[in-house]
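Novice: After the sequence you'll find the predicted model.
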Amino acid sequence: MKPSPDFSQRIARISGHLNPPKLQVGESSLLKLANCRSKGGAPGFKVAVLGAAGGIGQPLAMLMKMNPLVSVLHLYDVVNAPGVTADISHMNTGAVVRGFLGQQQLENALTGMDLVIIPAGVPRKPGMTRDDLFNINAGIVRTLCEGIAKCCPDAIVNVISNPVNSTVPIAAEVFKKAGTYNPKRLLGVTTLDVVRANTFVAEVLGIDPREVNVPVVGGHAGVTILPLLSQVKPPCSFTYEEISYLTDRIQNGGTEVVEAKAGAGSATLSMAYAASKFADACLRGLRGDADVVECSFVASQVTELPFFATKVRLGRSGAEEIFPLGPLNESERVGLEKAKKELAGSIQKGVSFITK
Ligand SMILES: NC(=O)c1ccc[n+]([C@@H]2O[C@H](COP(=O)([O-])OP(=O)(O)OC[C@H]3O[C@@H](n4cnc5c(N)ncnc54)[C@H](O)[C@@H]3O)[C@@H](O)[C@H]2O)c1
Ligand SMILES: O=C(O)C[C@H](O)C(=O)O
């Protein structure tokens with residue numbers, strides 16, 4: 001029996017997938033899509049991960065591919081983007097995945113995006129501070145933000161690359177220079193501090209971490225990470241020893257992981273979880289959901305500093321409402337002064353990197 005023409009066409013299409021032509025990763029994805037019936041037109045948001053082949057980037061890309069709010073997922077890196085893209089694209093979830101490799105594909109990676117997440121840059125090794133990463137990561141964030149200003153100036157931007165206390169001001173100055181700055185749309189990701197605080201507090205109280213919510217304000221390095229233990233939900237009280245243990249552990253959670261990894265990098269899996277949680281909140285805000293509230297390092301008038309992390313309400317235009325600090329106890333007031341002193345220098349360092 002002769003195969004029907006329809007059957008032959010299907011076999012030809014399948015063998016095209018098994019022996020795909022050797023092309024650049026961005027082109028290859030487009031050509032493969034061109035051969036398929038689905039063009040990825042499902043409703044949802046377009047999300048790019050910059051630094052998608054890294055320790056955070058890979059699990060974050062996987063989690064974003066699993067997010068039903070994402071219809072298109074662009075994975076950009078200067079190395080290994082084709083492999084990560086091929087791997088993740090086989091997951092039978094809704095988002096269409098496309099990979100982009102190297103600076104010459106940055107513009108294609110960014111065009112049309114609603115949300116851009118930036119985990120690109122080098123991580124700490126034992127003995128380093130986050131500020132020791134400034135010299136390398138500042139330039140990486142600048143280049144990526146120049147691309148965003150050009151190709152998707154209205155996108156929400158989530159900055160993960162450290163030192164966040166300086167990279168967010170760098171991004172703001174790049175956008176100001178390009179004339180595209182919208183402070184509501186630039187968000188530093190401090191969710192991992194909240195995730196850690198919820199976990200450590202739950203351990204001390206002996207309750208489910210999913211029931212705990214600890215506001216963590218200030219910034220994302222050492223003493224600038226200020227957990228407000230007097231505002232924990234559900235309401236609870238701590239001994240002096242518990243407060244001192246929890247504050248120290250939350251402020252040094254990143255260092256705890258860096259030391260445990262002994263030179264192999266910093267938090268990646270818990271960070272991907274935290275970044276995905278925050279990105280999902282941004283997408284729910286974009287969709288118009290009510291009462292989406294997360295802590296984030298944003299342009300702020302809550303203190304005299306130009307940037308500060310507090311709870312923000314996420315909406316269609318980004319950080320639509322920035323909540324005040326609320327009542328602080330004496331030790332939190334002391335912590336706040338320390339945090340502001342260090343933050344001021346880190347913010348200024350980021351601003352001068354662009355304006356000098
Ligand atoms: N905000 C937070 O809470 C938080 C938490 C953990 C880590 N971090 C920071 O996130 C960053 C990434 O950490 P990681 O563990 O994933 O590092 P990693 O080295 O594993 O991955 C970084 C990725 O960035 C890519 N990259 C480098 N330069 C690039 C460029 N110009 N354009 C695009 N991609 C580029 C690398 O190729 C690599 O794949 C570090 O700066 C780290 O300190 C922040
Ligand atoms: O500690 C680091 O260097 C990475 C990150 O900022 C973290 O808090 O885990």
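Specialist: Yes, it's here. Ligands and ions are numbered 1, 2, ... in the order given.
Novice: can you give me the strands in the stretch 151-300 of the chain?
Specialist: For the stretch 151-300 of the chain, strands defined by DSSP state E, counting those that start in this stretch occupy the ranges 156-159, 186-188, 216-218, 225-227, 292-299.
Novice: Residue numbers of the protein in contact with ligand 2?
Specialist: 123-124, 130, 162, 192, 220, 253-254, 257-258, 266-267 (C-beta under 6 Å from any ligand atom). Bear in mind the C-beta positions are built from the backbone N, C-alpha and C, glycine included.
Novice: residues contacting the residue of the chain found nearest ligand 2?
Specialist: Closest residue of the chain to ligand 2, C-beta to the nearest ligand atom: residue 254 (2.2 Å). Neighbour list for residue 254: 124, 130, 192, 266-267 [criterion: C-beta atoms under 8 Å, 6 or more residues apart in numbering].
Novice: cool, residue 178 as well?
Specialist: Taking C-beta under 8 Å, 6+ apart as the criterion, residue 178 is in contact with 146, 149-150, 153.
Novice: Repeat the analysis, applying 7 Å as the threshold.
Specialist: Neighbouring residues of residue 178 by C-beta atoms under 7 Å, 6 or more residues apart in numbering: residue 149.
Novice: Can you give me the pLDDT of it?
Specialist: For residue 178, the model assigns a pLDDT of 98.
Novice: just residue 43 next, same as before
Specialist: Note for residue 43: predicted pLDDT of 83.
Novice: Identify the residue nearest it in space, chain neighbours excluded?
Specialist: Using C-beta to C-beta, 6 or more residues apart in numbering and skipping the chain neighbours, the partner closest in space to residue 43 is residue 71 (6.3 Å).
Novice: in the stretch 51-200 of the chain, which spans are helices?
Specialist: 57-65, 81-89, 106-110, 134-151, 164-178, 191-205 (DSSP state H, counting those that start in this stretch).
Novice: Export those helices as CSV, with columns for distance to ligand 1.
Specialist: Compiled in CSV, the helices of the stretch 51-200 of the chain are given as follows (distance: least, C-beta to the nearest ligand atom, whole Å):
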stretch, distance to ligand 1
helix 57-65, 6
helix 81-89, 9
helix 106-110, 8
helix 134-151, 4
helix 164-178, 5
helix 191-205, 4
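Novice: Let's have those helices in JSON lines, adding distance to residue 47.
Specialist: Shown next, in JSON lines, are these (distance: least, C-beta to C-beta, whole Å):
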{"stretch": "helix 57-65", "distance to residue 47": "6"}
{"stretch": "helix 81-89", "distance to residue 47": "12"}
{"stretch": "helix 106-110", "distance to residue 47": "11"}
{"stretch": "helix 134-151", "distance to residue 47": "13"}
{"stretch": "helix 164-178", "distance to residue 47": "17"}
{"stretch": "helix 191-205", "distance to residue 47": "16"}
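Novice: My guess is residue 306 contacts residue 347. True?
Specialist: Yes: between residue 306 and residue 347 there is a contact at 6.2 Å, judged by C-beta atoms under 7 Å.
Novice: so where's this structure shaky on pLDDT?
Specialist: Across the chain, the ranges flagged by pLDDT under 70 are 1-42.
Novice: what does it have sitting close to ligand 1?
Specialist: Residues of the chain lying near ligand 1 by C-beta under 6 Å from any ligand atom: 50-51, 53-57, 77-79, 119-124, 133, 137, 140, 143-144, 160-162, 164, 189, 192, 220, 265-268, 271.
Novice: Name the residue of the stretch 51-200 of the chain that lies nearest to ligand 1.
Specialist: Per C-beta to the nearest ligand atom, residue 54 is where the stretch 51-200 of the chain lies closest to ligand 1, at 2.1 Å.
Novice: Now do the contacts for the closest residue to that residue other than its chain neighbours.
Specialist: In this structure, residue 54 finds its nearest non-sequential neighbour in residue 119, 6.0 Å apart by C-beta to C-beta, 6+ apart. Contacts of residue 119 were listed using C-beta under 7 Å, 6+ apart, and they are 49, 51, 54, 56-57, 60, 160-161, 275.
Novice: Swap in 6 Å and give it another go.
Specialist: Contacts for residue 119 were tallied using C-beta atoms under 6 Å, 6 or more residues apart in numbering; they are 51, 56-57, 160.
Novice: Among those residues, which pair sits farthest apart?
Specialist: The span of those, defined through C-beta to C-beta, is set by 57 and 160 at 9.3 Å.
Novice: neighbour-wise, which of residue 306 and residue 347 wins?
Specialist: Neighbours were counted for residue 306 and for residue 347 using other C-beta atoms under 10 Å; residue 347 has more, 22 against 17.
Novice: wait, doesn't that one sit right on residue 169?
Specialist: Yes: the pair residue 347 / residue 169 is scored as a contact, 4.9 Å apart, by C-beta atoms under 6 Å.
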